[in-house]
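S.K.: could you look at this predicted model? Sequence included:
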Amino acid sequence: MSEKTIAAISTAQGQGGIGIIRISGEDAIKIGDRVFCAVSGKTLSESQGYRAHYGKVVEDGEMLDEVVAVVYRAPHSYTGEDVVELCCHGGLYITRQILRTVLSQGAVLAEPGEFTKRAFLNEKMDLTEAQAVMDIISAQSRQAARAAISTRTGALSRRIESIVDELVTLVAHFVAWADYPEEDIPEITDEALTRTFSSVKERINELLRDYEKGQAIIRGIDTVIAGRPNVGKSTLMNLLSGYDKSIVTEIPGTTRDVVEETVIVGDVTLRLSDTAGLRDTDNIVEKIGVDRTRERLSSCALVLAVFDFSQELTDEDIELLGSVGDVPVIAIINKTDLTQKLDYKYIEDKIKHVVYISAKNGSGKDQLEEIIATVSGTKDFDPSVGILSGERQRQAASKALSSVIDAENALLSGFSYDAVTVCVEDAIDHLLSLTGENSSDVVLDEMFHTFCVGK
Amino acid sequence: MRTYQADKFDIAVIGAGHAGIEAALAGARLGCSTAIFTINMDAVGNCPCNPSIGGTAKGHLVREIDALGGEMGKTADESFLQMRMLNRGKGPAVHSLRAQIDRLKYASIMKHKLELQENLQLRQAEITSIVQTDNEEYPWEITTRMGAVHQVKKVIIATGTYLGGRIFVGEVSYEGGPDGTFAATQLGESLKNLGLPLRRFKTGTPARVLRSSIDFSELSEQTGDEPPEPFSFETDNMGENSVVCHISWTNENTKKVIQDNIHRSPLYGGMIEGVGPRYCPSLEDKIVRFPDKERHQLFIEPCGLDTEEMYLQGMSSSLPEEVQLEFYHTIKGLEKAVIMRPAYAIEYDCVDPLAMTATLEFKDFKGLYGAGQFNGSSGYEEAAAQGLVAGVNAALSIKGEEPLILERSGSYIGTLIDDLITKGTAEPYRMMTSRSEYRLVLRQDNADKRLTPIGRKIGLVTDARWERFKNKQEAIKNELHRVRKTTLSPTDELNAILVSRETSPVTTGVTLGDLLRRPQISYADLESVDINRPNLSRSVMEQVEIEIKYEGYIKKQMDRVEQMQRMQKKTLPENIDYTQISGLRLEAQEKLQKIRPRDISQASRISGVSPADVSVLIIWLTRHNRGKTEGDAR
């Protein structure tokens, strides 16, 4: 088969026990190896197949999740092609992250019904089943079309169109200039191109950022609660989630593992991980927990750093303040019901957002909500501006962005405008794939509309 | 009417314009007895509009026609007056060659070539009917106005603007063809009776004025390239540029004359129903549509060496003659211009090209082909390209050989035909570089590489040319290899060159290929440091340089080409009843039923056929094919 390698989440969309990302096609195993590291150190290419491999999915050297990978070799698979299935920890957030990594490594997102379609095409299904397959595709695409129509009439469509317009104006100018060299068409200048490119890049980036924000609202923000043992992380988590989840004890180091909980704070959904502290320890079990905490601190989207109002700053507190990097962080100074011993000025100097609470009696909870909304960007988030819906749309926007970057690079390195325009046209194609129009027609219409050309 | 049985032919070509000529020459050269009918023996190969061949995208078409073994490029080389490569500096994808030609010389050379061609008969006759018969060997019968009935195997309709032609100049309107010829008035009825979907299109041309009545003293000149580059791979001795063109501009007075008289335009008065091309507007169109534009450019082009007629490019009009005179006189240099032929608009019958396949044969009429303006296109080059394809296919079909279907990803000709038969056209279709999504691959400079092998396979490329072609390709291959393997040391001399071209110097050895990849560095720049450079022709160097410099972009486009070719391999049977395929949306069913695409790739380009419809088609096709083989096995 010389078809493209496809991937999709093949479990039901929702917070299930496990999530499966299925990759099918010629490059499935190759792509699998690019994202999956087996604990055994063996690659999937070396696997004979039909065996579970335990390991992790990594992106840019960072672990996304622990997964089990299964290889099926063609033709003995569901689709009849090489197939890799990555089974991860349920949650949509993680499954999507993994899918995105797989797509970034060369797979394309599967069309509705495409696995089944391939299964049929590769003779994994009886002729009598063909009609059923066609019906599935038809039904799923109708559903997708309905979604697309609502997109078309909506704010998103206007937003995309205005980006497309900017690019189309540019290409129409090039076309007029190139196809009618003897007319008095104004010259295209590098400055005009550069200006358009940076404007379009910014606007596509904005689309992608809004998508992430929207996702954050729907799926929840990946949040870590960190702090040295016994500053009251678990109490805080319980305060936020409303019931006892972590074991709250007086013995430091009780919370040894990452505990996940989805809580709604004001309008914001947080996917909270309670962590073990950063305490220097000889206890092996506890040490694993500490390492894990460090890892999570850099990979999450929001850190709630908890400090004890009633204790002096310890080395561990200072280490925590130093180990939060680019991730947005809120310092929560807990136990304000007790007498102050903490040098809170030191924390306020280091961290922009500081809030004082008592997890025990609930004071300061409102301020915390307010600050979380601000820091997570959800406070000023307005869904009516039009948000990309779904992975396919995000992918199209992100491909358009990289085509615009290609065009910019071609221009910067001094290539002729024909090479630059080819990249711009790719960008238009990707954006128009969201509305189903044809770029050549759109460009010509614009050209004849704007320029007086012809003899 | 009394008729008589006249001679039989394998192929009959109706019309001896640019489409008809290529069709007839191709048919005859491929060994079929061919007749070409012209309504007027002095209008063969006429250029009733601008005296030029080529131009943007059209120059690509001419080079492609040449590579396939057509005649247009050679004749243009033999009759050129001025040659220019347009768009230098805008990138190789949009370079286009354009020739000013001596239109009388062009026409007489073409006519003579037809007369000398073995297997070919050139006849003056108006064809009045085309009828399908039960005769298996000669299924078509064409009748001339004189009553001659010819039995033929294939008919190629290339009627240009003659079919149902009607001339408009202000309030004056009459039946007529271009340049004062007769229109073909009866054939249209016969085609309607046959059931062809005919419609009306419109085009127009500016006035021709007397050279000595123009004051050139204050007009800027436009000269040709030195040395002039030929269209044809086979032209060795190009003549010299022998004319200059001049440029002038309209002004506020011109605009006022036109605005004051716009009600006398047949187009704006509602007398013309035909659809005109957006890219070839009359001056009144330009002024109505772009009222804020202060001035419009015009080119004054000589029509030949043995005539004093001058063509006013950009000034086509269908206003009354006296209004034309008035507005031409407002233009600098034309204050005292004498009109020899007035500008006019012409309305004509043409066919909806959705009724055809990629061979330009009608789907519902085996053996009947169309080409040129009759198919809804515009332009000499677009016509010639289709004529060649129709002529070749008529001949191949007679010989029982595989048809010639040019891929969209392989040529502008393929793109032109695919657009016509897949998308149709609502206005006369003009080729433009922007029509091709593969234009970094489909360049005019590599037309020979792309299409000579196809021309050879068809049988229109001579042994001598084939040898020469292979030598050129070999030289390109060797030089590409050498350039990639040759490493230059970071000498002061090399760095001086690099710095002078505003690109960074090197500190370690670097290959010639890596240097050529820099947009700022040309092949010629490196001559002094590339001491082992073989003696190569300019065209070989050009290919090497473009191939290397644009490698990354070309590869991107090639990936898309491969993607499309995969879908092209999934061919759809001709007789599918799309209304019986459930799962297809209604709109898709209707479009597919009408256009009947030959493969999945073409189906996916039809507007109204969604990706999901395409998926459904693929499944259906697989079931169909599998069902067939399983059925056979039983």
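M.R.: Now that the structure is in, tell me what you want to look at. Numbering: from 1, shown residues only, chains lettered A, B, ... in the order given.
S.K.: which residues in the stretch 51-200 of chain B form strands?
M.R.: B:52-54, B:80-86, B:96-101, B:120-124, B:127-132, B:140-144, B:148-157, B:166-169, B:172-175, B:198-205 (DSSP state E, counting those that start in this stretch).
S.K.: state the mean pLDDT of the third one.
M.R.: The average pLDDT within strand B:96-101 is 97.
S.K.: how far does that strand sit from its chain's centre?
M.R.: How far strand B:96-101 lies from its chain's middle: 13 Å, per C-alpha atoms, centre = their mean, to the nearest Å.
S.K.: mind listing what that strand pairs with, with the direction of each?
M.R.: Each strand paired with strand B:96-101, and its direction, by DSSP bridges: strand B:52-54 (antiparallel), strand B:80-86 (antiparallel).
S.K.: one step back: among the strands of the stretch 51-200 of chain B, which is nearest residue B:364?
M.R.: Residue B:364 sits nearest to strand B:127-132 of all those, at 10.4 Å, using C-beta to C-beta. All C-beta atoms are positioned from the backbone trio N, CA, C, and that covers glycine.
S.K.: state the mean pLDDT of that closest one.
M.R.: Across strand B:127-132, the average pLDDT comes to 97.
S.K.: could you give the angle of it to strand B:148-157?
M.R.: Angle, strand B:127-132 to strand B:148-157, by axes from the mean of the first three to the mean of the last three C-alpha atoms, to 10 degrees: 80 degrees.
S.K.: show me what strand B:127-132 is in contact with.
M.R.: Contact partners of strand B:127-132, identified using C-beta atoms under 8 Å, 6 or more residues apart in numbering or on different chains, comprise B:14, B:37, B:139-145, B:155, B:157, B:184, B:186-187, B:190-191, B:194, B:365, B:368.
S.K.: so chain B: which segments form each domain?
M.R.: Chain B breaks down into these domains under automatic domain parsing: B:4-204+B:348-458, B:208-345, B:463-555, B:569-633.
S.K.: need those in TSV with mean neighbour count, can you?
M.R.: Putting the domains of chain B into TSV (neighbours: other C-beta atoms under 10 Å in any protein chain shown) gives the following:
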stretch	mean neighbour count
domain B:4-204+B:348-458	23
domain B:208-345	18
domain B:463-555	15
domain B:569-633	17
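S.K.: what's the least confident stretch among those domains?
M.R.: Among these, domain B:569-633 carries the lowest mean pLDDT (a mean of 84).
S.K.: is the helix or strand hosting residue A:174 anywhere near chain B?
M.R.: If you go by DSSP states H and E, residue A:174 is part of helix A:155-179. Yes. Helix A:155-179 is in contact with chain B by C-beta under 8 Å from any C-beta of the partner chain, via A:171, A:175, A:177-179.
S.K.: dump those residues to CSV, plus distance to residue A:207.
M.R.: Formatted as CSV, these follow (distance: C-beta to C-beta, whole Å):
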residue, distance to residue A:207
A:171, 20
A:175, 26
A:177, 29
A:178, 30
A:179, 31
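S.K.: next secondary structure after the helix holding residue A:174?
M.R.: In N-to-C order, the element after helix A:155-179 by DSSP H and E is helix A:190-219.
S.K.: so what strands line up beside the very next helix or strand once past that next one?
M.R.: Note on helix A:190-219: by DSSP H and E, the next helix or strand toward the C-terminus is strand A:221-226. Paired with strand A:221-226 in the same sheet, following DSSP bridges, are strand A:268-274 (parallel), strand A:302-308 (parallel).
S.K.: quick revisit: helices and strands around the helix holding residue A:174, which ones?
M.R.: On a contact count with 3 or more C-beta pairs under 8 Å, 6 or more residues apart in numbering or on different chains; DSSP states H and E, helix A:155-179 meets helix A:190-219, helix A:417-432, helix A:439-450.
S.K.: can the first one be said to contact chain B?
M.R.: No. Helix A:190-219 is not in contact with chain B by C-beta under 8 Å from any C-beta; minimum separation 12.8 Å.
S.K.: quick one: that helix to strand A:221-226, angle?
M.R.: Using the same axes, to 10 degrees, helix A:190-219 lies at 70 degrees relative to strand A:221-226.
S.K.: buried stuff in stretch A:63-76?
M.R.: Under the neighbour-count criterion of 16 or more other C-beta atoms under 10 Å in any protein chain shown, stretch A:63-76 has A:63-65, A:67-72, A:74 buried.
S.K.: fine by me, thanks again.
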